[in-house]
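Asker: heads up, no residue letters with this:
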């Protein structure tokens, strides 16, 4: 478990801070690319996922890049993994609470299994019926919920997650996981 409780993101730098002594305990992570758009730290503090705004045009629009770092005590223990394959702007990024799954949402959902030997090679493309604007994992990490015009739920317990989509038609308000 990490000794850091908070993250402070400043353009292309992340500071890991401890509640006990945020000033003298700070650990700095300089990022390899453009300014940070979104940052997610796994509950156990072992993984950090980021998206970055990049002015480079991809298919006529500004692209985003996504990275995952393995973290120990606020320090990266390996070079970042670049999560590639997005054909349009990355809308969101998430990490499951146990730190196994990373999901990005752009033209399609992309799911990486961080417990595999090669998370990049094992990436699965989850084709949703619409562009997903946000994602959330269930508390037990079995399900992935995606919002958009047609919300969907995906079963992460099956081998081929891409075939497990269930469309939740008829929902017009935000949907999320309850305590039960």
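Answerer: Noted; the coordinates are in hand. Fair warning: this is a prediction, and the values are worked out from it, not measured in the lab. Numbering: from 1, shown residues only.

Asker: list the contacts for residue 111?
Answerer: Residue 111 makes contact with 101, 102, 103, 123, 124, 126, 144, 154, 161, according to C-beta atoms under 8 Å, 6 or more residues apart in numbering. Yep, even glycine has a C-beta here, placed from its N, CA and C like the rest.

Asker: element containing it, please.
Answerer: Assigned by DSSP states H and E, residue 111 belongs to strand 109-113.

Asker: Check residue 94 too.
Answerer: Secondary structure (DSSP H and E) places residue 94 in strand 92-95.

Asker: Quickly run through the sheet partners of the helix or strand just after that strand, with directions.
Answerer: The first helix or strand that comes after strand 92-95 along the chain, using DSSP H and E, is strand 101-105. Using DSSP bridges, the strands paired with strand 101-105 are strand 92-95 (antiparallel), strand 109-113 (antiparallel).

Asker: what does strand 101-105 contact?
Answerer: For strand 101-105, the surrounding residues in contact (C-beta under 8 Å, 6+ apart) are 47, 49, 51, 66, 68, 83, 86, 90-96, 109-114, 119, 131-135, 137, 141, 144, 146, 156.

Asker: Going through these, which ones are buried?
Answerer: Buried members of those, scored by 16 or more other C-beta atoms under 10 Å, are 47, 49, 51, 66, 68, 83, 86, 90-96, 109-114, 119, 131-132, 135, 137, 144, 146, 156.

Asker: that older thread, where does confidence bottom out across the contacts of residue 111?
Answerer: Least confident entry in those, by pLDDT: residue 126, with 83.

Asker: Next one: that residue relative to residue 150, how far apart?
Answerer: Residue 126 sits at a distance of 13 Å from residue 150 (criterion: C-beta to C-beta, to the nearest Å).
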